[in-house]
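J.: Fold the stuff below for me.
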Amino acid sequence: MEIGFASLAPLLPEILVSVGALLILILDTTAGKQGGSSRGYMAITVIFLLLGLVGAFVQLGGQPQTAAYVVDIDSFSLFLKMIIYTAMLLTAIAGGGYLNQRVSGGAEFWSSYLFISVAMAFAVSANNLLLIFVAIEFLSITSYILVGSIREDLRSSEAGLKYFLYGSVASAIMLYGMTFMYGATGSLNLVEIGTVFAENSAVHAAIIPAVILVMAGLGFKTSLAPFFQWTPDTYEGAPTPVTAYLSTASKAVGFAVMARVLLMAFSANAEVWVPVLGGLSVLTMFAGNLMALRQTNVKRMFAYSSIAQA
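T.: Okay, here's the model as predicted:
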């Protein structure tokens, strides 16, 4: 199976953002011991995020297509990419000055910031279980670094550690659910998985555990109850611009992946996951609003508010 340059053309926005991240690392390496300017790295980040946003906007309205066999370029993914690039762009512009003053290692931070944007773009457009897991895992690992990027602040380090511990467990649970999907259908493609689940009654026993485990893993990314324990501590300890990113772009990715997996792989089994999703929704609204009432920290109250609105 060969992948030519033509099949990679629809991925030009992600390629451009990746080039920006690599450019920052190269410039920092050649800058010597003193390092480069964090403001300059922030400017590069803003420029390449803007290029990614423009690239996704140009593709909007075109014919749906599949790039490199595992990435769907359609209206759904392009709309989510535009949300991601816009949220990351605004966060960088609004919080860049604060981050440049507080964060040590500006090049590593801003390159990771761009790589996170690429991971989110792939996650919302992937039609393959393996790519979905790799993109979300790359997104999660890099997010742990950004959350704990203020090294002299113990709260930031604690937030990064808690986020890492919860995220590792959630990733393992989601991966276990994906093994049910692959083991029952013999395919990693979401459309093919949906076809097998709809037509082959012999594999229906795998649907319920697969749905529950995958939704538990994705529920962590979207802060659904009861998977939201990490959210208040992480939002409080993380740098404020990173908190803004976690509550917008990162959460949108979780919902987008959940929608794509449920509607493509489990579309014929809505009677299984709709009640589960409804129950989680009720529990999330109730728990988020109730626990927000007693908060005295603005960022923790913001965290519970984002949980309730999820």
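J.: I'd like the average pLDDT over stretch 56-67.
T.: For stretch 56-67, the mean per-residue pLDDT is 87.
J.: What are the buried residues along that stretch?
T.: Ala56, Gln59, Ala67 (16 or more other CB atoms under 10 Å). No exception for glycine: its C-beta is placed from N, CA and C like everyone else's.
J.: and the strand or helix carrying Ile83, what other elements does it pack with?
T.: According to DSSP states H and E, Ile83 maps onto helix 75-102. On a contact count with 3 or more CB pairs under 8 Å, 6 or more residues apart in numbering; DSSP states H and E, helix 75-102 meets helix 12-30, helix 38-59, helix 106-125, helix 240-245, helix 251-265.
J.: repeat that with 10 Å
T.: Where contact means 3 or more CB pairs under 10 Å, 6 or more residues apart in numbering; DSSP states H and E, helix 75-102 is packed against helix 12-30, helix 38-59, strand 71-73, helix 106-125, helix 240-245, helix 251-265.
J.: gap between the fifth one and the chain center?
T.: This points to helix 240-245. Its chain's C-alpha centre and that of helix 240-245 lie 14 Å apart, by CA atoms, centre = their mean, to the nearest Å.
J.: just the first one next, same as before
T.: When distances are taken as CA atoms, centre = their mean, helix 12-30 is centred 20 Å away from the chain's centroid.
J.: list the buried ones in that helix?
T.: Buried, per 16+ other CB under 10 Å, within helix 12-30: 12-14, 16-18, 20-21, 23-25, 27-28.
J.: returning to what we had before: give the buried residues for the helix holding Ile83.
T.: 76-78, 80-92, 95-96, 99-100, 102.
J.: same thing with stretch 102-121?
T.: Residues 102-103, 106-121 are the ones in stretch 102-121 that count as buried (16+ other CB under 10 Å).
J.: Identify the residues contacting the closest residue to Ile47 other than its chain neighbours.
T.: Once flanking residues are discounted, Ile47 sits nearest to Gly20: 7.1 Å by CB to CB, 6 or more residues apart in numbering. For Gly20, the contacting residues are 41, 44-49, 51-52, 110-111, 113-115, 117-118, by CB atoms under 10 Å, 6 or more residues apart in numbering.
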